[in-house]
Each structure stands twice: as structure tokens, then as C-alpha cells.
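> I need the structure of the sequence given here:
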Amino acid sequence: MSEAAGTTTSTYRVTVRGRFHELDDRARGYLQTHRAEHDIFLSGFTPEGTLTYDDRLDFFNLRYEVRLTGDDATPRRAAEVAEAEAGAFLRTLRLGYRNLHSDVMDLRAMTEQRRPRL
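As a prediction, the model looks like this:
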């Protein structure tokens, strides 16, 4: 969380999970050709999202870093933002999908848990 000019910004790491759905030959070919670029070990949490998927082209993850300010800064809103971004991204690539759901980690809460207790 950062504070500038009285505005509080919260940072969330959101993993959007889902399943590919009704992939056509073009989509399967694209995913198979670019598989190495979407390896789980190369992925990170970024504002634009990072796509990873399994070898069977069944399940996928998109990892986002979402920053929200003020009263809008809630885990639920972070999930909504990330899921909207994920849907737009997948539609842009013409990749069919279903069953989107999200896991959200508030980085402030993660930092507070690491602080030593006195």
C-alpha cells in the first residue's frame, strides 16, 4: 500500500483460473506453438497479466497485479477487475473459455504477516 497526496493505493495479486472451451484448430495451433513462452516458471504478476496453461490445453491461469485506490480497494473489486481483464484478453485472442474464478492476495496483509512480533 502506498500513500501519495492522501490517496491510499492497495496492491493485489490475483490469479484468474479457468478452462479453455471449444478451441478451434487455429487456437490450438497458436497455444501449442507458444507453449514455451507461457511456462508457469516464467510467469509473474503484472498489470497486463501473464498467461500459463497445461499441456492438454484444458486449464489456464492468468496472473495480474491490480492496484486500487480509496474505497474501491477491496479484494472483491480486485477479482472483478482481473476477471474482466482476463475475459477481454481471451476474447481478443479468440480463445474460448469457461468457469473463471479468482484467488486474491492482498500484499499489505502478506507484509503484515511477515513482520516480527514483539
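
> CA atoms for contacts and neighbours, from now on please.
OK.

> So which elements touch the helix or strand encompassing residue 63?
With elements taken from DSSP states H and E, the one containing residue 63 is strand 59-69. Secondary-structure packing of strand 59-69 (3 or more Cα pairs under 8 Å, 6 or more residues apart in numbering; DSSP states H and E): strand 7-20, strand 50-53, helix 75-92.

> Just want the angle from it to strand 7-20.
An angle of 170 degrees separates the directions of strand 59-69 and strand 7-20 when computed by axes from the mean of the first three to the mean of the last three Cα atoms, to 10 degrees.

> residues contacting the most centrally placed residue in the chain?
The centre of the chain sits closest to residue 63, judged by Cα atoms, centre = their mean, with a distance of 2.8 Å. With Cα atoms under 8 Å, 6 or more residues apart in numbering as the criterion, the residues that contact residue 63 are 13-16, 43-46, 49-51.

> count of neighbours near the residue nearest to residue 20 when sequence neighbours are not counted?
If the residues on either side of it in the chain are set aside, residue 20 comes closest to residue 97, at 4.3 Å by Cα to Cα, 6 or more residues apart in numbering. Residue 97 sits with 19 neighbouring residues when counted by other Cα atoms under 10 Å.

> my guess is residue 97 contacts residue 21, does it?
Yes: with contacts defined as Cα atoms under 8 Å, residue 97 counts as touching residue 21 at a distance of 4.5 Å.
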